[in-house]
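Student: How does the following fold in three dimensions:
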Amino acid sequence: MLIAARNEAATLPQLLADLQRQSWLQTGGQFEVIVVDDHSTDATPELVRTAAQSSSYPLRLLPLVELPGQRTGKKAAIEAALAATQAPWVVCTDADCRVAEGWLAAYSAYLNQPDVHFISGPVLLTGTGLLAELQSLELAALVGTGAASIALRIPTMCNGANLAYRRATFAAVGGFQGNAHVPSGDDEFLLHKIAARHPGGIRFLCEAAAVVQTAAQPTLGALLQQRVRWASKWRHYQSPASRRLALVVLGANVALWLLMLILLWQPVLWPWAAAGWALKLGADVLFLAPVLRFFRRRRWLMWVPLLQLVYPPYALAVGLLGLRGSYRWKDRQVVQKPQN
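Tutor: Next comes the predicted model:
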């Protein structure tokens, strides 16, 4: 198991404690955890070393600062961990996540299936207040979209906080070659590459025990920085399905606001504008209802109209800012480097 961490001394202990309680351990399952420290300036390395002394599973610290090249970021962390282990499967989550007791047991059902190469799991945002619930609803929609695209065998998206893949398959598709210059995308670029080689080898882990939870962003500024980080990889997609999906979602949402602007000059068109908004709202509710039922968050359906109202300018702003390829994350200014 791989956990990339940077300044996560406040959250990592909870995740390590969750791993101690994995039911898979009680049934004879084995796993090793490698925490790759990405140049933390807090007590993250010391915390891992201390936890390793009493851990019921093998726990190792791998500091990037001690490796040649002084590389940073999650892709560097993943490559360093893969070079340090011979495990056939790599399961990934983030240091600020929480997992249920049956998390690894849910993955184990697929690990011995030779035709499975990549497994995507569900992620749920937690928090209270309007901002937290709106961004949680947005992520639930993304998780549902990713699950649906995998079911249709045209995988488009996944979340690096909850996924697994074969180590040999990672090597066979060249790992991050071709997108190493893009700071983000350690999850979806790899998904697309593996799907291109093994179209039927992707699975979505649709089990309640497999849900990984992580906190929603506390402020609008932090949320925008996170979403800009996600959006910075979109223009580098090589998957036609992913490119089309990104354009369709953005276009459909922006079109709703354009309808409202048109009404300033042509008020007589209000029935068409109302019909467009109603059609989009109905489609969103129909799609999200089973997704939110899975997450046991059906009450979030009441926020769908509000999210539909605020999403177009938000999505357009995030998309445009993502084109710059630079953002601030984990107390670090990230600038996308040109491809060599």
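
Student: Pass me the low-pLDDT residue ranges in this structure, would you?
Tutor: Across the chain, the stretches falling below the confidence threshold (pLDDT under 70) are 325, 336-340.

Student: What are the boundaries of the helices in it?
Tutor: Counting by DSSP state H, the segments of the chain that form helices are 12-20, 23-26, 44-52, 74-83, 103-111, 130-151, 167-172, 188-197, 220-231, 240-265, 270-295, 304-322.

Student: closest to E207 out of the ones you listed?
Tutor: Set against E207 and scored by C-beta to C-beta, those come closest in helix 103-111, at 4.6 Å. C-beta: built from backbone N, CA, C; applies to glycine.

Student: tell me what the closest one is packed against?
Tutor: Of the remaining helices and strands, those touching helix 103-111 by 3 or more C-beta pairs under 8 Å, 6 or more residues apart in numbering; DSSP states H and E are helix 23-26, strand 89-94, strand 163-166.

Student: go with 10 Å
Tutor: Contact here means 3 or more C-beta pairs under 10 Å, 6 or more residues apart in numbering; DSSP states H and E; on that basis helix 103-111 packs against helix 12-20, helix 23-26, strand 89-94, strand 118-120, strand 163-166, strand 202-204.

Student: so how far is the second one off the chain centroid?
Tutor: Translated: helix 23-26. The offset between the C-alpha centroid of helix 23-26 and the centroid of the whole chain comes to 26 Å, using C-alpha atoms, centre = their mean, to the nearest Å.

Student: hey, C-alpha coordinates of that helix in CSV?
Tutor: These are the backbone C-alpha positions of helix 23-26, laid out as CSV (Å, rounded to 0.1, in the frame of the first residue of the first chain):
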residue,chain,number,x,y,z
SER,A,23,-10.6,-7.1,8.8
TRP,A,24,-8.3,-8.5,6.1
LEU,A,25,-5.5,-8.8,8.7
GLN,A,26,-7.8,-10.9,10.9
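
Student: Show me which positions of it end up buried.
Tutor: The neighbour-count check on helix 23-26 (16 or more other C-beta atoms under 10 Å) flags S23, W24, L25 as buried.

Student: Show residues contacting it.
Tutor: Outside of helix 23-26, the residues that reach it under the criterion C-beta atoms under 10 Å, 6 or more residues apart in numbering are 19, 29-31, 56-57, 100-108, 209.

Student: Name the nearest of those relative to G178.
Tutor: Looking at the contacts of helix 23-26 and their distance to G178, the nearest is Y107, at 27.3 Å (C-beta to C-beta).

Student: The closest one contacts Q113, doesn't it?
Tutor: No. Under the criterion of C-beta atoms under 10 Å, Y107 makes no contact with Q113, lying 11.3 Å away.

Student: The two: which is more packed in?
Tutor: Neighbour comparison, Y107 and Q113: the larger count goes to Y107, with 25 against 11 (by other C-beta atoms under 10 Å).

Student: Pull the contacting residues for that one.
Tutor: 1, 24, 29, 31, 89, 91, 119, 121, 162-164, 203, 205, 207, 209-210.

Student: Filter those down to the buried ones and hand me the ChimeraX line.
Tutor: The following ChimeraX selection, which keeps only the buried ones among the contacts of Y107, applies the criterion 16+ other C-beta under 10 Å:
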select :1,24,31,89,91,119,121,162,163,164,203,205,207,210
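
Student: Please report phi then psi for the spatially most central residue of the chain.
Tutor: Per C-alpha atoms, centre = their mean, the C-alpha nearest to the average position across the chain is that of N159, at 2.2 Å. The phi/psi pair for N159 (degrees, to the nearest 10) reads phi -130, psi 120.

Student: List the residues that contact it.
Tutor: Taking C-beta under 10 Å, 6+ apart as the contact definition, N159 lies against 92-94, 120-123, 139, 142-143, 146, 187-188, 212, 214, 230.

Student: about what we covered before: out of the contacts of Y107, which one sits closest to K75?
Tutor: L163 (14.1 Å).

Student: measure the closest one to D94 for me?
Tutor: Noted for L163: a distance of 11 Å to D94, by C-beta to C-beta, to the nearest Å.

Student: cool, D186 as well?
Tutor: D186 sits 11 Å away from D94, going by C-beta to C-beta.

Student: joint contacts of the two?
Tutor: The contact lists of D186 and D94 share A4, K74, G160, where a contact means C-beta under 10 Å, 6+ apart.

Student: Next, count neighbours for the last one.
Tutor: To tie it back to what came earlier, the one meant is G160. 21.

Student: go on, the second one?
Tutor: Around K74 sit 23 other residues, with neighbours defined as other C-beta under 10 Å.

Student: That one and P183 touch, don't they?
Tutor: Yes. Taking contact to mean C-beta under 10 Å, the distance of 8.2 Å between K74 and P183 places them in contact.

Student: Residues in contact with both of Y107 and Q113, list them for me.
Tutor: Shared contacts of Y107 and Q113, defined by C-beta under 10 Å, 6+ apart, are found at I119, R203.

Student: how deep is the closest residue to S136 other than its chain neighbours tucked in, by neighbour count?
Tutor: Counting by C-beta to C-beta, 6 or more residues apart in numbering, the nearest residue to S136 once its immediate chain neighbours are dropped is L125, at 3.9 Å. The criterion is other C-beta under 10 Å. On that basis, L125 has 21 neighbouring residues.

Student: Mind listing the residues bridging to L125?
Tutor: Each beta-bridge partner of L125 is listed here, defined by DSSP bridges: T214.
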